[in-house]
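Visitor: below are the sequence and a predicted model for it; my questions follow.
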Amino acid sequence: MKAAWAAVKEDGSVKLVVTEKNDAAVKIADLLGATKPKADKVFNTPVYRFEVEG
């Protein structure tokens, strides 16, 4: 893994950022998420968003 950080928002939600190669990023998001990750782009960089249960 290249880098990771997490931020807790005031509402108690957590934002997890993991930097990795694209194929590994898809697998990580798939493993961590309760549902299939949604592909998105931020400044032309692919990102994968997912929700977790609990």
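Guide: Nice, thanks for sending it over.
Visitor: any chance you could map the strands in the chain?
Guide: Secondary structure of the chain by DSSP state E: the strands cover 3-8, 14-19, 38-42, 45-49.
Visitor: which of those sits closest to Ala25?
Guide: strand 45-49 (5.8 Å; CB to CB). Every residue, glycine included, has its C-beta placed from N, CA and C.
Visitor: the residue nearest to Val47 when sequence neighbours are not counted: neighbouring residues, count only.
Guide: Take Val47 and drop its neighbours on the chain: the residue closest to it by CB to CB, 6 or more residues apart in numbering is Asp40, 5.0 Å away. A count of nearby residues for Asp40, using other CB atoms under 10 Å, gives 10.
Visitor: for Lys15, what are its contacts?
Guide: By CB atoms under 8 Å, 6 or more residues apart in numbering, the contact set of Lys15 is Ala6, Ala7, Lys9.
Visitor: who's it bridged to?
Guide: Beta-bridge pairing for Lys15 (DSSP bridges): Ala7.
Visitor: switch to numbering from 452
Guide: OK, 452 is where the count begins now, so the last one is Lys466.
Visitor: tell me how far it lies from Asp474.
Guide: 22 Å (CB to CB, to the nearest Å).
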